[in-house]
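Q: let's see this in three dimensions:
(one chain, ligands or ions: 1)
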Amino acid sequence: MYAQLVKSEGSKTRDEMTPEEIAFQKRIDRGERIEPKEWMPEGYRKTLIRQMGQHAHSEIVGQLPEGNWITRAPTLERKAILLAKVQDEAGHGLYLYSAAETLGISRDELLEQLHSGKMKYSSIFNYPTLTWADIGAVGWLVDGAAIMNQVPLQRTSYGPYARAMVRICKEESFHQRQGYDIMMKMASGTPEQKAMAQDALNRFWYPSLMMFGPSDKDSVHSAQSMAWKIKINTNDELRQKFVDQTVPQAKYLGLTVPDENLKWNEEKGGHDFSEPDWDEFFAVIAGNGPCNEERLGARVKAWDDGAWFRDGLMAHADKASARPHAAE
Ligand SMILES: CC(C)(COP(=O)(O)OP(=O)(O)OC[C@H]1O[C@@H](n2cnc3c(N)ncnc32)[C@H](O)[C@@H]1OP(=O)(O)O)[C@@H](O)C(=O)NCCC(=O)NCCSC(=O)Cc1ccccc1
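A: Have a look, this model is predicted:
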């Protein structure tokens, strides 16, 4: 069915699987949920830690480009809405770290891997938010792409991840609407405001398409992750759905998607569109995007600055447990 997917490193054919692995795959094929204390292949556990960890880190790092605008939101109402949205992203990160911890890795280990550059976070957050219209574009396009990817993950095979996705998707759809609402205001405002909205769309269009990952022929994990139902769709399938959903929304705003090759293809029932610049994508995920240093630097600083607070909490917890009767 997915002839274009490359074989994932370490993936096994049925003949190479142990009886336990075959039984596990049968459970997945029947659509059963896998729960934390149940047996799972080591590769399944590691793949989930990688994907859920990257997802959690993206939510946390993803607060930075929007947090940048909280003090400069144009009205009190916009400020309150943006503040709530950024707090939601923190909450999503925390559910996802908790869900990842059920796989036997601690939150400290996950954060250490983020801070040392061993684990990734979404490429999109390495682009700057230069104007207020960018906050509209982030909500509309970035949250829109996030939802497109995450709605199918509500049916992912690992129970704690699938359940976390249900609440996260509800909140992300509010985020997407608040972004589109900002874009509607800007696009129907003064010519200068409309130009800002167009400029934000121009800069965020291709980075948003990159959020779905490399094209299927370069996606090293898709084949195995889909066999395990850790992923439900290929990267290209979701990218296509995102383009098809977003193009009419841009039209409604009176804005132009920055792609001369964009056109409806009746035969395939979807748009033809230009691929993002994959060299840029691979440079960004290798740490060389416009804001990688600033984003990671901000997270490491926040971690270091919070050391006194974590130490205080631990000291308090130690004292409380040394006095078992104190709380009675
Ligand atoms: C689709 C994909 C992202 C990638 O498919 P896979 O099968 O895992 O990989 P594949 O073989 O295709 O790629 C090969 C290599 O490329 C890496 N790579 C690929 N794409 C990216 C990328 N875009 N950025 C960075 N790295 C990327 C990939 O890790 C792998 O490298 P590795 O071997 O690990 O070193 C998948 O992990 C997924 O669905 N994750 C869950 C959703 C999720 O994480 N959402 C987060 C954003 S939503 C949000 O934050 C909400 C929000 C909104 C607004 C404000 C604040 C917050």
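Q: residues making contact with stretch 117-131?
A: With CB atoms under 8 Å, 6 or more residues apart in numbering as the contact definition, stretch 117-131 has outside contacts at 50, 53-54, 57-58, 60-62, 64-66, 68-69, 110, 113-114, 134-135, 138, 142, 145, 196, 199-200, 203-204, 207-208, 210-211, 281, 284-285, 287, 289-292, 295-296. Heads up, the C-betas are built off the backbone N, CA and C, glycines and all.
Q: can we see that at 7 Å?
A: Contact with stretch 117-131 is made by 53-54, 57-58, 61-62, 64-66, 68-69, 113-114, 135, 138, 142, 196, 200, 207-208, 210-211, 281, 284-285, 287, 289-292, 295, as judged by CB atoms under 7 Å, 6 or more residues apart in numbering.
Q: and those residues near the ligand, which?
A: Near the ligand, taking CB under 6 Å from any ligand atom as the test, the members of these found are 54, 58, 62, 138, 142, 210, 211, 285.
Q: list the contacts for residue 212?
A: Residue 212 neighbours (CB under 7 Å, 6+ apart): 145, 149, 235, 238, 239, 242.
Q: quick one: secondary structure of it?
A: Following DSSP: H, G, I helix; E, B strand; the rest coil, the label given to residue 212 is coil.
Q: now, of the contacts of stretch 117-131, which are buried?
A: 53-54, 57-58, 61-62, 64-66, 68-69, 113-114, 135, 138, 142, 196, 200, 207-208, 210-211, 281, 284-285, 289, 291-292, 295 (16 or more other CB atoms under 10 Å).
Q: residues in contact with the closest residue to residue 234 other than its chain neighbours?
A: Closest residue to residue 234 apart from its sequence neighbours, by CB to CB, 6 or more residues apart in numbering: residue 216 at 4.9 Å. Contacts for residue 216 were tallied using CB under 7 Å, 6+ apart; they are 4, 5, 222, 234, 235, 236.
Q: can you pull the pLDDT of residue 216?
A: Residue 216 carries a pLDDT value of 97.
Q: then residue 4?
A: For residue 4, pLDDT reads 68.
Q: what of the one 5 residues further on?
A: With respect to pLDDT, residue 9 has a value of 74.
Q: and if you look at residue 74?
A: Residue 74 carries a pLDDT score of 96 in this model.
Q: okay, now it: neighbour count?
A: 12 (other CB atoms under 10 Å).
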